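Visitor: Mind folding the following:
(chains A and B)
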There are 2 protein chains.
Amino acid sequence: MPALQDLYPDDFAHCYGCGRLNAHGLHVKSEWHDGECIARFHPAPYHMALPGFVYGGLIASLADCHAMATAAGASMISAGLRPGVDATPRFVTASLHVDFLRPTPLGPELVLRARAVDIGERKVTVEMRVLVDGLESARARVIAVPAPTSMRPRVAE
Amino acid sequence: MPALQDLYPDDFAHCYGCGRLNAHGLHVKSEWHDGECIARFHPAPYHMALPGFVYGGLIASLADCHAMATAAGASMISAGLRPGVDATPRFVTASLHVDFLRPTPLGPELVLRARAVDIGERKVTVEMRVLVDGLESARARVIAVPAPTSMRPRVAE
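Guide: Residues are numbered from 1 along each chain as shown, chains lettered A, B, ... in the order given. Alright, predicted model coming up:
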């Protein structure tokens, strides 16, 4: 099944974190599984905080994009749409909170498991765990809002 | 005056966000000015969330590194040391909270202005504003702790 980010309209697919059309970006991919949204990411060797440990800003970036996809998926379910099948609506981040529970070793794949815990018309709250080798290294709580009109691309003609 | 990151010991200078020895990184530079810590950063054109707007994960990354430098500077002052002159101690992030107040336009320099609001032996709390063209676009509150022994490089011999 396609990632939710693969189904953002082209105008919303340039995000550095998760846009398929951003040649320099991280290309975060989030997949919907029965109410849970899961992303897997291999940090590059240079994504370090200190030698041997993942940079916290990378974890925050992954959490940011993955939460937006999770919020979109949850809102789609509420509207009777199918995450990973129908076009994904674009949310943006109102607030991002990450607790770093322990240093995250650099090398293994990171797994982000997220759920929407509150789904309103104006905002969606997402909670997520970041796992490495099955051990939780960080938690995030993110508030997502539909992309405001002021951020939507102008129609060119 | 050198940035605080220029005075991290070499073993702590590989951070993707602010390490001078990370060839791929963002190279955040934080300068100490009378109790306030200031960083200036020009996002790259590809650091976008949507066309025309800065990626929130970048703002979180800048806030993360700038807060660690701010915590270090404040702890140095408490210990009678001189930020930007003496070696900078390495803090790591315990928690990171960012409120995105409005979309941040992509193009102008970002200015991060931070202060330590609580300085303890075991943790330092930092608050910061992110400004673009003088307008506040985000706020962050970050808890920093001294890098634990488990993250410090092993002596090789």
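
Visitor: In chain A, where is pLDDT below threshold?
Guide: In the predicted model of chain A, residues A:154-157 satisfy pLDDT under 70.

Visitor: what about the longest strand in it?
Guide: The residue-count maximum for a strand in chain A (DSSP state E) belongs to strand A:135-146.

Visitor: Which elements pack onto that strand?
Guide: Counting contacts by 3 or more Cβ pairs under 8 Å, 6 or more residues apart in numbering or on different chains; DSSP states H and E, strand A:135-146 packs against helix A:56-78, strand A:91-100, strand A:124-132. In this view, the C-beta of every residue, glycine as well, is placed from N, C-alpha and C.

Visitor: CA atoms only for the longest one, dumped as PDB, please.
Guide: Extracted as PDB, the C-alpha positions of helix A:56-78 are listed here (Å, rounded to 0.1, in the frame of the first residue of the first chain):
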ATOM      1  CA  GLY A  56      17.600  14.800  18.400                       C
ATOM      2  CA  GLY A  57      16.600  17.300  15.800                       C
ATOM      3  CA  LEU A  58      16.300  14.400  13.300                       C
ATOM      4  CA  ILE A  59      14.000  12.600  15.700                       C
ATOM      5  CA  ALA A  60      11.900  15.800  16.100                       C
ATOM      6  CA  SER A  61      11.800  16.100  12.300                       C
ATOM      7  CA  LEU A  62      10.600  12.500  11.800                       C
ATOM      8  CA  ALA A  63       8.000  13.000  14.500                       C
ATOM      9  CA  ASP A  64       6.800  16.100  12.900                       C
ATOM     10  CA  CYS A  65       6.200  14.600   9.400                       C
ATOM     11  CA  HIS A  66       4.900  11.300  10.700                       C
ATOM     12  CA  ALA A  67       2.400  13.100  13.000                       C
ATOM     13  CA  MET A  68       1.000  15.100  10.100                       C
ATOM     14  CA  ALA A  69       0.500  11.900   8.100                       C
ATOM     15  CA  THR A  70      -1.100  10.200  11.200                       C
ATOM     16  CA  ALA A  71      -3.500  13.200  11.700                       C
ATOM     17  CA  ALA A  72      -4.400  13.100   8.000                       C
ATOM     18  CA  GLY A  73      -5.100   9.300   8.200                       C
ATOM     19  CA  ALA A  74      -7.200   9.700  11.200                       C
ATOM     20  CA  SER A  75      -9.200  12.500   9.700                       C
ATOM     21  CA  MET A  76      -9.700  10.500   6.600                       C
ATOM     22  CA  ILE A  77     -11.100   7.600   8.500                       C
ATOM     23  CA  SER A  78     -13.500  10.000  10.300                       C
END
